[in-house]
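>>> structural data only, the sequence is not supplied:
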């Protein structure tokens, strides 16, 4: 091997090992500075704000999912005055970059709740059944059938269900029932939310808030989960070859 | 006295009053434009269709952007220009209409002449229009520009969308009452180029006073929500929106040079200030599309407008005391100085200066309180595609602390020594969208 190419190989290896991560760290710092407003409620890297019992974390959620939410707040498919206030004059290109930034951060799948809210043994069992197996009689598919067996979400459109505060999950399902949160059609989550009783929604939300993966699990790859019913967020995954 | 003679006496006494009323009414009716505004060209007659070549349509689209038709005539996430956005006024809620060429619910059956007429006089087949529709400004548009706008609107895909019914109190709910409003407040004036000024200045005035209808927010409001000529671009609290718009004149804009001001209009940021609230919306949906030449023309004209009289200073309240100022400075250095600088000079286009910032020099502290409570992100534009942002402090600081830091900043950089109270901040809690 001539010396030049040996040097250029060393240079390449150096670039991959040292410069690339440094460049990524610089790019991250730049985004963190620009997104100072978001950090106030979601944490600098979207890890969630300590002590916030309602604000969802963003880190490690699928980028397609995050983009759809930002557009939803801007275009009226999702209601949250504080969110709409900040994103209403933002174009798709910047939203896409923001979504990609948070998606690339270490995911947070630790329990949001340490078990303070107690469930009766009955409701606990019922919640777990709904999540793992669904309720055939009521026509509710298992949450795990779409959100992944370990509930860590699926690329590109299904978010994790672990790591969310119970109140937040209750509010989201309530939003779907009232038609103020709308997903990509066919909106399978509206269907799920409408078929659950308020008691079961609360039980599932509390149960979910107590589940944990300490290792920060990434969403499953696109196409690895096939939705049992027609579903906007999964149609892409199922249809793309 | 007989009944007949009593009537005669009464009539005799009343006649001068009736005549006077008729004379005054007639004069006021004349001042608002006489009968001409109410002679809407009938459908199907007098309206040859406009030439709709691609260049005309493209020009119409540009004009529609500068006139910001889409912001008012579109709901959040709705079909562009299909109408339905709600406007909250002191008299109730008014909805914008469908401007797409649908026959039943839009402009499908309109002739060019009816469109010109509605834009000039604010009267259409639906009657006298509410002044939320800025026809007083659009009256300045040339025939050529109105026809290009119409050609563009006709090129859109028709959308079936009837405006929701308005919810107004009587008499505002009756369109006929608008004739009375016009008699009392509406004074149309012909709009012609000023030969003593440069073509660039004239173009700027045409865009600011005409198509851009900047006075809708930047004008001082007079009787019954009108925009009297005396308060033209003099600034004030925008009705229904809960924001203060500054005066636009040579004194207010002295800190910008023409180039910086043109840059602000197109990009939403500058070394002298960044757009937020309703101004961010104007930049995002309208001004970011300005050509270089038009932005410079507008800036040239804006900077030539003679200064409006300063509002009278409040001499009754006590200025900010030393202890409160010390507390405000401490909070500022802890929470704000990283971005805005200890000296309030800001950092280039990233973080605007607070020195002489609109929200701090304003007599009305509403903008400063709102922005510190709920934060802000300047609009994304081609020249500022990845904006920096201002964090909200509503969760982090108590109302008393927000009052202290805002009062400190207003005294330090806005020459507004009268402090904002914790109650003032409390009253402004709550996000207002649309």
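Arrived safely, thanks for sending. Please read these numbers as outputs of a predicted model, since none were measured by experiment. Numbering: from 1, shown residues only, chains lettered A, B, ... in the order given.
>>> what's the lowest-mean-pLDDT helix or strand in chain B packed up against?
Lowest on mean pLDDT, DSSP states H and E among the helices and strands of chain B sits helix B:3-31, with a mean of 74. Applying 3 or more C-beta pairs under 8 Å, 6 or more residues apart in numbering or on different chains; DSSP states H and E, one finds that helix B:3-31 contacts helix B:177-185. Any C-beta I mention is one placed from the backbone N, CA and C, and that applies to glycine too.
>>> nearest residue to residue A:123 other than its sequence neighbours?
Nearest-residue entry for residue A:123: residue A:203, 4.2 Å, with adjacent residues in sequence omitted and distances by C-beta to C-beta, 6 or more residues apart in numbering or on different chains.
>>> phi, psi for the one you found please.
Backbone torsions for residue A:203, taken as degrees, to the nearest 10, come to phi -60, psi -50.
>>> wait, doesn't it sit right on residue A:124?
Yes. Residue A:203 is within contact range of residue A:124, at 7.3 Å (criterion: C-beta atoms under 8 Å).
>>> the two: which is more packed in?
Between residue A:203 and residue A:124, residue A:203 has the larger neighbour count (other C-beta atoms under 10 Å in any protein chain shown), namely 24 against 15.
>>> mind listing what that one touches?
A:119, A:123, A:124, A:126, A:127, A:130 (C-beta atoms under 8 Å, 6 or more residues apart in numbering or on different chains).
>>> and chain A, which of its residues are near chain B?
A:33-41, A:74-77, A:81-82, A:84-91, A:93-94, A:97 (C-beta under 8 Å from any C-beta of the partner chain).
>>> just the buried ones from those, in PyMOL syntax?
Of the residues of chain A next to chain B, the buried ones go into a single PyMOL selection, burial set by 16 or more other C-beta atoms under 10 Å in any protein chain shown:
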select buried, chain A and resi 33+34+35+36+37+38+39+40+41+74+75+76+77+82+84+85+86+87+88+89+90+94
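>>> the helix or strand harbouring residue A:168: which residues count as buried?
Element membership for residue A:168 (DSSP states H and E) is helix A:166-178. For helix A:166-178, a neighbour-count test (16+ other C-beta under 10 Å) marks A:166, A:167, A:168, A:169, A:170, A:172, A:173, A:175, A:176, A:177 as buried.
>>> so which residues make contact with stretch B:415-434?
Residues outside stretch B:415-434 that contact it (C-beta under 8 Å, 6+ apart) are A:81-82, A:84-85, A:88, B:76, B:85-86, B:241-242, B:314, B:317-320, B:324, B:360-363, B:365-366, B:368-370, B:373-374, B:394, B:398-400, B:402-403, B:406-407, B:410-411.
>>> per-residue confidence averaged over it?
Per-region confidence: stretch B:415-434 scores 90 on mean pLDDT.
>>> that stretch: end-to-end distance?
With C-alpha to C-alpha, to the nearest Å applied, stretch B:415-434 spans 31 Å between its terminal residues.
>>> now do it: distance to the chain's middle.
22 Å (C-alpha atoms, centre = their mean, to the nearest Å).
>>> for stretch B:282-293, which outside residues touch it?
Contacting residues not belonging to stretch B:282-293 are listed as A:89, B:62, B:65-68, B:70-71, B:203, B:212, B:217, B:262, B:265-268, B:275, B:295, B:298, B:379-382 [C-beta under 8 Å, 6+ apart].
>>> circling back: okay, the contacts of residue A:203 in a markdown table with pLDDT and secondary structure next?
Shown next, in a markdown table, are these (pLDDT from 0 to 100; DSSP: H, G, I helix; E, B strand; the rest coil):
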| residue | pLDDT | secondary structure |
| --- | --- | --- |
| A:119 | 88 | coil |
| A:123 | 93 | helix |
| A:124 | 93 | helix |
| A:126 | 96 | helix |
| A:127 | 96 | helix |
| A:130 | 97 | helix |
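>>> which one of the residues you listed is nearest chain B?
residue A:119 (29.3 Å; C-beta to the nearest C-beta).
>>> hang on, isn't that closest one packed against residue A:205?
No. Assessed by C-beta under 8 Å, residue A:119 is found out of contact with residue A:205, at 10.2 Å.
>>> okay, the two: which has more neighbours?
Remark: of residue A:119 and residue A:205, residue A:205 carries more neighbours, 23 against 18, as counted by other C-beta under 10 Å.
>>> what helix or strand is the one residue in the stretch 51-200 of chain B that gets nearest to chain A located in?
Nearest to chain A in the stretch 51-200 of chain B, going by C-beta to the nearest C-beta, is residue B:77, at a distance of 3.3 Å. Under the criterion DSSP H and E, no helix or strand holds residue B:77.
>>> which residues sit against stretch B:266-279?
Contacts of stretch B:266-279 from elsewhere in the structure, counted by C-beta under 8 Å, 6+ apart, are B:217, B:238, B:241, B:243, B:245, B:255-256, B:260-261, B:263-264, B:280, B:282-284, B:287-288, B:290, B:292, B:295, B:346, B:348-349, B:352-353, B:357-358, B:367, B:370-371, B:376, B:378-379, B:381-384, B:387, B:390.
>>> mind checking how far residue B:18 is from chain A?
Separation of residue B:18 from chain A (C-beta to the nearest C-beta, to the nearest Å): 54 Å.
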